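> Here is a sequence with its predicted model. Questions after.
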Amino acid sequence: MSNYKIYPIFVGITTRDRSQLAYQLDPGKKVESPLICWYLTDGKHKVMVDTAGDPADGVKHMPYTQTEDQLLDRALLKIGVYPKDIDTVILTHLHWDHASNNHLFPNAKFYAQKKELQYCVAPVTGHEKIYDLPVIFKTKYEIVDGDAQILDGISVTLTPGHTDGSQTVLVQTEKGLYGLVGDLFNLYVCWESNPRLVNGLHTSIQACYDSYAKLEKLNAFLLPGHDYRILEKKCYP
């Protein structure tokens, strides 16, 4: 089986209420959190997980800032990766801050869950603006329906809760299995707390906990979507 290296790509900063990142934790406290997407490679395949947000989206959704070096194409070039060489893009979900730069990868196959594509056109009330439908549907997707193998060493597992079609990307490495959970939980504190906390932005608390139980059985190292601790390492494992 192929072993991958996982590179977190820091693509900007949002400012939001901490309780939106971890349900009912410090309501009213504004915090900065990083936007992170991921580059994976086994030396053969070049894979992106999520494609981050467009800086203009901050005007519509929340304060979102990027330096020039944090633009996704430039951030990839800093580690020697050309966007045109990416062969696979896997979207954990289709919110604006995870799926707005698909156009940078003209030679890639894009993978998204069937339930996510269905949900984004008819989300729960109040979640409509988190999806930029004109941007989402510029991309042609390879549709995944539940758990699936994508490449040797990379699979996805359906983990709803944050959205109905959220998926966790499971990556085999030389040190074992890693899971990129997207926004199933945003912060390490959610997973490390007892009892565990869920994302403050969710469609179903019960679905979140059911997804947690599913991931627990995998015995994987789980990497959340918006935690500065992720950036303490340039590469995983």
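Cool, got the structure. Numbering: from 1, shown residues only.

> switch to C-alpha atoms for all contacts and neighbour counts from now on
OK.

> partner residues bridging I154?
For I154, the beta-bridge partners under DSSP bridges are L151, V171.

> Could you check how far it is from D147?
Distance of I154 to D147, given as C-alpha to C-alpha, to the nearest Å: 11 Å.

> do T41 as well
T41 sits at a distance of 21 Å from D147 (criterion: C-alpha to C-alpha).

> In terms of neighbours, single out the busier of I154 and D147.
Neighbour count, other C-alpha atoms under 10 Å: between I154 and D147, I154 has more, with 22 against 15.

> Would you mind giving me the confidence score for the more buried one?
The model reports I154 with a pLDDT of 98.

> In contact with it, which residues?
Taking C-alpha atoms under 8 Å, 6 or more residues apart in numbering as the criterion, I154 is in contact with 169-172.

> which residues of this protein score low on pLDDT?
55-62 (pLDDT under 70).

> Which residue ranges of it form strands?
5-17, 30-41, 46-49, 64-65, 88-90, 109-113, 141-144, 148-151, 154-158, 167-173, 176-180, 221-223 (DSSP state E).

> Dump those strands into CSV; add distance to C190 as well.
Output for the strands of the chain, formatted as CSV (distance: least, C-alpha to C-alpha, whole Å):
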stretch, distance to C190
strand 5-17, 15
strand 30-41, 14
strand 46-49, 21
strand 64-65, 23
strand 88-90, 24
strand 109-113, 24
strand 141-144, 27
strand 148-151, 26
strand 154-158, 19
strand 167-173, 16
strand 176-180, 15
strand 221-223, 11
